[in-house]
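Enquirer: Need coordinates for the following:
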Amino acid sequence: MSSTAKPQKAETDVIGTLMSLTVAFTLAMAFRSFVLEGFVIPTGSMGPTLMGAHVRLRSPATGFEYPADSSTAIGMLVHGDQRQMPIYDPMISLRDPIGMAPPVALASQTRAGDRVLVLKPLYLVSDPKRWDVVVFKNPSDPVGASQNFIKRMVGLPNETLVLLDGDVFTGPPDAAPAELRVARKPEHVQRAVWQPVHDSDWQPVVPAEALDSALRTAWDGGPWRSESGGWTLSPSRKWSHGAGSAALRWDVQDWPIDDLNTYNLLRHSFDASRRWPKGIGDPGARQEYAFATSDLRLATAIECAKLREFRTTFSLRARSRIFEFTVAGQGLVSCAITDADSGQPLGSSESSFTPRTDGFMALECWHVDQQLWVFVDGRAVLQLPYEFESLDQRLLCSHVGRTVEQYQRRPAETRAPTPPQLAWSFESAAPFTLHRVRVDRDLYYRPVLHDATNQFPSNGEYLSGPGLGCDYANPARLGPTDYMMLGDNSGASRDSRMWGRAHPLTLRTFGDAQPGIVPESMIVGKAFSVYFPAPISMSPGGTAFIPDFGRVRFIR
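Expert: A predicted model of the protein is given here:
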């Protein structure tokens with residue numbers, strides 16, 4: 001009896017296993033189709049928030065590392081172009097390269113893009129929110145190679161929208177351009193999108209002679225200049241001063257604050273080398289490739305034995321206004337806004353905080369989305385929003401010397417925005433030290449013009465003129481189910497601003513879909529985490545990779 005039972009049991013196990021695998025496979029496919037799905041980021045349109053194929057560049061002088069789009073190096077390699085490519089260290093200088101590298105070396109170290117998880121059913125139970133990062137079907141190519149896009153949602157249904165001076169302005173469907181108001185990002189999103197301008201932690205670790213040799217010029221010491229003497233600044237990572245008064249000023253001439261994204265440096269360097277003597281390091285090239293931006297964060301940690309008798313004021317001149325942040329170590333903080341020309345007060349606010357007793361204070365001063373923030377020891381202690389009388393006034397204050405009509409004729413003119421000016425003063429009864437002095441900039445949504453390279457001829461006649469949301473006289477007007485999507489890497493993103501006409505399939509499905517708009521039904525879901533970051537090369541030739549698990553993160 002036992003000899004006949006064993007084959008029957010084996011047969012039952014095989015059938016049961018096959019049935020279990022079938023059920024598991026069906027459930028997995030259903031889960032993937034309706035709940036959660038992974039997507040690979042192919043391009044750098046969201047860089048560096050999310051990264052497509054790229055190479056990580058590391059400075060031998062400071063150790064600073066940043067991702068850069070490697071498509072230019074790959075293209076040079078394919079075409080047999082062996083010219084050396086300049087490598088820059090943004091913490092030292094974007095005028096002079098820190099070294100050179102052949103395209104084969106850069107191309108061989110290219111990493112694949114980040115892999116993200118997308119939650120699909122979320123928008124079935126809640127409405128999409130501005131600033132969400134979403135995956136959606138590309139309205140201009142819903143069935144082609146670029147059918148899935150990932151961008152940040154900036155425009156919502158039933159609103160008028162225009163981009164000006166890097167910010168997003170919205171209003172009701174029938175609003176005139178001058179009536180639009182700024183759209184502000186919540187704190188958690190803003191913290192996720194700050195992009196570094198300079199960080200004193202990344203000071204040179206090589207001798208001055210070696211640094212000057214690598215740059216082929218004398219290093220100027222960084223962007224902050226002493227206004228009063230008595231400072232111990234670069235190359236130290238701790239900036240010290242004795243008791244009394246002290247001041248620093250940002251060198252805007254040699255260190256312009258603009259929206260140049262280091263993710264695009266290799267491409268910009270290649271393009272600029274054909275037109276400018278010093279490539280992207282040439283001041284003329286920098287002005288042509290970048291917009292001045294004044295949405296900034298200043299952050300530092302202050303150490304002072306007599307912190308209660310310490311006082312500092314950070315002053316930012318931008319948009320024809322002077323924004324002052326004053327913090328006293330005894331626990332008082334204030335912000336003030338004045339007209340830069342007349343000195344007339346335009347707004348102020350005061351608050352207090354409980355100071356630490358160990359002689360340290362972490363400080364952050366934000367000017368972003370027409371709002372001032374002050375954070376002390378990681379806690380928001382003051383917010384001061386401000387408005388302009390109209391969007392016309394914001395335009396004129398951001399582009400000093402231009403008229404509204406001049407801006408409308410040339411909205412994509414990079415040399416137009418007026419650069420910011422930064423000054424920083426101190427009063428202390430004892431010597432003090434600044435640790436990790438950082439300046440970061442906000443996302444800057446550029447105005448762009450339509451061009452044929454971003455459009456599909458099969459979709460109909462090419463569009464020309466300002467992109468969607470970039471025409472000040474004719475803002476984007478979104479319907480009841482329309483959304484507008486932009487990339488965080490605004491200088492290199494195919495997004496709602498520049499798509500051409502919708503694909504015939506999109507038109508048949510959704511009717512009269514205006515160019516650049518994403519219908520609600522084409523949204524796949526919200527991207528919420530990078531579960532498999534761009535992998536690390538484990539071999540010189542880039543043939544073996546492992547996941548870079550240190551960069552697993554939630555998406556904000």
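Enquirer: Count the residues that sit near residue 113.
Expert: Neighbours of residue 113 under the rule other C-beta atoms under 10 Å: 21. All C-beta spots, glycine's among them, are computed from the backbone N, C-alpha and C.
Enquirer: Revised request: answer the last question for residue 243.
Expert: Residue 243: 17 surrounding residues under other C-beta under 10 Å.
Enquirer: What segments of the stretch 301-450 of the chain are helices?
Expert: For the stretch 301-450 of the chain, helices defined by DSSP state H, counting those that start in this stretch occupy the ranges 391-398, 404-409.
Enquirer: Got phi/psi on the spatially most central residue of the chain?
Expert: Closest to where the C-alpha atoms of the chain average out (C-alpha atoms, centre = their mean) is residue 443, at 4.3 Å. Residue 443 adopts backbone torsions of phi -60, psi 150, taken as degrees, to the nearest 10.
Enquirer: give me every residue that touches the nearest residue to it once chain neighbours are set aside.
Expert: Distances taken as C-beta to C-beta, 6 or more residues apart in numbering put residue 193 closest to residue 443, at 5.1 Å, once the chain neighbours are dropped. Applying C-beta atoms under 8 Å, 6 or more residues apart in numbering to residue 193 gives the contacts 49, 185, 442, 443, 488, 556.
Enquirer: Please report the distance of residue 193 from residue 489.
Expert: Remark: distance between residue 193 and residue 489 (C-beta to C-beta, to the nearest Å) = 11 Å.
Enquirer: Need the overlap of contacts for these two.
Expert: Residues touching both residue 193 and residue 489 (C-beta under 8 Å, 6+ apart): none.
Enquirer: which ones among the contacts of residue 193 are found in strands?
Expert: Members of these lying in strands (criterion: DSSP state E): none.
Enquirer: which two from these end up farthest apart in space?
Expert: Spanning the widest gap among the contacts of residue 193 are 442 and 556, at 13.8 Å by C-beta to C-beta.
Enquirer: of the two, who's got more company?
Expert: Ranked by neighbour count (other C-beta under 10 Å), residue 442 and residue 556 place residue 442 first, with 22 against 16.
Enquirer: Burial check on residue 546, number of neighbours?
Expert: For residue 546, the tally of surrounding residues (other C-beta under 10 Å) stands at 9.
Enquirer: Please tell me how far it sits from residue 105.
Expert: To residue 105, residue 546 is 20 Å away according to C-beta to C-beta.
Enquirer: you'd agree the residue nearest to the centre of the chain is up against residue 166?
Expert: Yes. Between residue 443 and residue 166 there is a contact under C-beta atoms under 8 Å: 7.3 Å.
Enquirer: Helix, strand, or coil at residue 269?
Expert: Under the three-state scheme (DSSP: H, G, I helix; E, B strand; the rest coil), residue 269 adopts helix.
Enquirer: Now do the phi/psi pair for the nearest residue to it once chain neighbours are set aside.
Expert: Of all residues not flanking residue 269 in the chain, residue 280 sits nearest, at 4.8 Å (C-beta to C-beta, 6+ apart). Here the main-chain torsion angles of residue 280 (degrees, to the nearest 10) amount to phi -70, psi -20.
Enquirer: so where do the helices sit in the stretch 451-556 of the chain?
Expert: So, for the stretch 451-556 of the chain - with DSSP H, counting those that start in this stretch - the helices run 504-510.
Enquirer: the strands in it, which residues?
Expert: Ranges of strands in the stretch 451-556 of the chain, per DSSP state E, counting those that start in this stretch, are 476-477, 482-486, 518-519, 523-532, 536-537, 545-546, 553-554.
Enquirer: Determine which of the ones you listed approaches residue 65 most closely.
Expert: The nearest among these, by C-beta to C-beta, is strand 536-537 at 11.9 Å.
Enquirer: Please name whichever of the strands of the stretch 451-556 of the chain is nearest to residue 276.
Expert: Residue 276 sits nearest to strand 482-486 of all the strands of the stretch 451-556 of the chain, at 28.5 Å, using C-beta to C-beta.
Enquirer: Residue 454 against residue 497, yeah?
Expert: No. Look at residue 454 against residue 497 with C-beta under 8 Å: they stay out of range, at 9.2 Å.
Enquirer: got any ranges where the protein has weak pLDDT?
Expert: For the chain, the stretches with pLDDT under 70 are 1-35, 234, 536-545.
Enquirer: Please parse it into its domains.
Expert: For the chain, automatic domain parsing gives the domain ranges 2-34, 115-191+447-530, 195-257+292-441.
Enquirer: wait, what's in contact with residue 201?
Expert: Residues in contact with residue 201, defined by C-beta under 8 Å, 6+ apart, are 237, 436, 438.
Enquirer: can you do 6 Å?
Expert: Each residue near residue 201 by C-beta atoms under 6 Å, 6 or more residues apart in numbering is listed here: 237, 436.
Enquirer: Now do the SS call for it.
Expert: What three-state DSSP gives for residue 201 is coil.
Enquirer: Would you mind measuring from it to residue 299?
Expert: Look at residue 201 and residue 299: by C-beta to C-beta, they are 11 Å apart.
Enquirer: Please tell me how far residue 63 sits from residue 171.
Expert: From residue 63 across to residue 171, the span is 47 Å (C-beta to C-beta).
Enquirer: gap between the residue nearest to the centre of the chain and residue 335?
Expert: According to C-beta to C-beta, residue 443 stands 23 Å off from residue 335.
Enquirer: residue contacts, residue 292?
Expert: Contacts of residue 292 were listed using C-beta under 6 Å, 6+ apart, and they are 258, 417, 419.
Enquirer: no, scratch that, I was asking about residue 340
Expert: Applying C-beta under 6 Å, 6+ apart, we find residue 340 in contact with 317, 320, 321, 322.
Enquirer: could you dump those residues to a markdown table with distance to residue 85 and neighbour count?
Expert: As requested, the contacts of residue 340 are exported to a markdown table (distance: C-beta to C-beta, whole Å; neighbours: other C-beta atoms under 10 Å):
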| residue | distance to residue 85 | neighbour count |
| --- | --- | --- |
| 317 | 37 | 18 |
| 320 | 40 | 17 |
| 321 | 41 | 19 |
| 322 | 41 | 19 |
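Enquirer: From these, which land in strands?
Expert: Counting by DSSP E, the part of the contacts of residue 340 found in strands is 317, 321, 322.
Enquirer: Make sure the last one is actually in contact with residue 337.
Expert: In other words, residue 322. No. Residue 322 is not in contact with residue 337 according to C-beta atoms under 6 Å; the separation is 7.3 Å.
Enquirer: what's the burial count for residue 209?
Expert: Other residues lying near residue 209 total 8 when counted by other C-beta under 10 Å.
Enquirer: The stretch 251-400 of the chain: strands as residue ranges?
Expert: Going by DSSP E, counting those that start in this stretch, the stretch 251-400 of the chain shows strands at 296-304, 310-318, 321-328, 332-339, 345-352, 360-367, 371-376, 379-385.
Enquirer: Describe which strands the second one pairs with in its sheet and in which direction.
Expert: Okay, so that is strand 310-318. For strand 310-318, the paired strands and their directions (DSSP bridges) read strand 321-328 (antiparallel), strand 421-428 (antiparallel).
Enquirer: which one of the ones you listed is the most hemmed in?
Expert: Burial of the strands paired with strand 310-318 is given as mean neighbour count (mean count of other C-beta atoms under 10 Å); strand 321-328 ranks first at a mean of 21.
Enquirer: what does that one contact?
Expert: 311-316, 333-338, 340, 363, 365, 367, 374.
Enquirer: again, but for stretch 403-420
Expert: With C-beta under 6 Å, 6+ apart as the test, stretch 403-420 has contacts from 165, 252, 257, 287-288, 291-292, 294, 316, 318, 392, 395, 398-400, 447-449, 466, 470, 472-473.
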